[in-house]
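> Build the 3D model from these lines:
(one chain, ligands or ions: 1)
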Amino acid sequence: MQICWNCKKEVDDLARFCMHCGSALDDRLFEKSDVKKTESGKFISTWTLVFGILSIWPFIIVSSALGVMSYILSKKYKNNPYENRARLGFALSIGSLLFYIAGMIMIIVVVVTA
Ligand SMILES: [Zn+2]
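Take a look at the predicted model:
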């Protein structure tokens, strides 16, 4: 059962129009899918942040890559209220990856010049 957005009465799930007041139900369905989209945005944004945190230690390469990938995926969600979360995860992923590369370069330099 769905509830008519206009008269708040119960309407059949498959109905396109309310049987009580005749309102088109498409608007209400659109809102529903919008909520779902926002929840998906929250999901991917949270994972981006988790990967970002994990990429500091101990899964630098794998988690940085996953963090960057999930950030790209999170960009698909327009008006995602959790975008800042994804952005922070992305920053952590890139930051730790650069830190790791810098560390590797330093090790190589030390080994070569020793
Ligand atoms: Zn109605």
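
> Give me the distance from the host helix or strand of Val110 to the chain's centre.
Here Val110 sits within helix 83-113, counting by DSSP states H and E. Centre-to-centre, helix 83-113 and its host chain are 23 Å apart (Cα atoms, centre = their mean, to the nearest Å).

> And that helix, what's buried?
Neighbour counts over helix 83-113 (16 or more other Cβ atoms under 10 Å) mark Glu83, Arg85, Ala86, Arg87, Leu88, Gly89, Phe90, Leu92, Ser93, Ile94, Ser96, Leu97 as buried. Using the backbone N, CA and C atoms, a C-beta is placed for each residue, glycine as well.

> Local confidence estimate at the closest residue to the second one other than its chain neighbours?
Computed as Cβ to Cβ, 6 or more residues apart in numbering, the closest residue to Arg85 that is not its neighbour in sequence is Ser45, at 4.1 Å. Predicted confidence (pLDDT) at Ser45: the value is 82.
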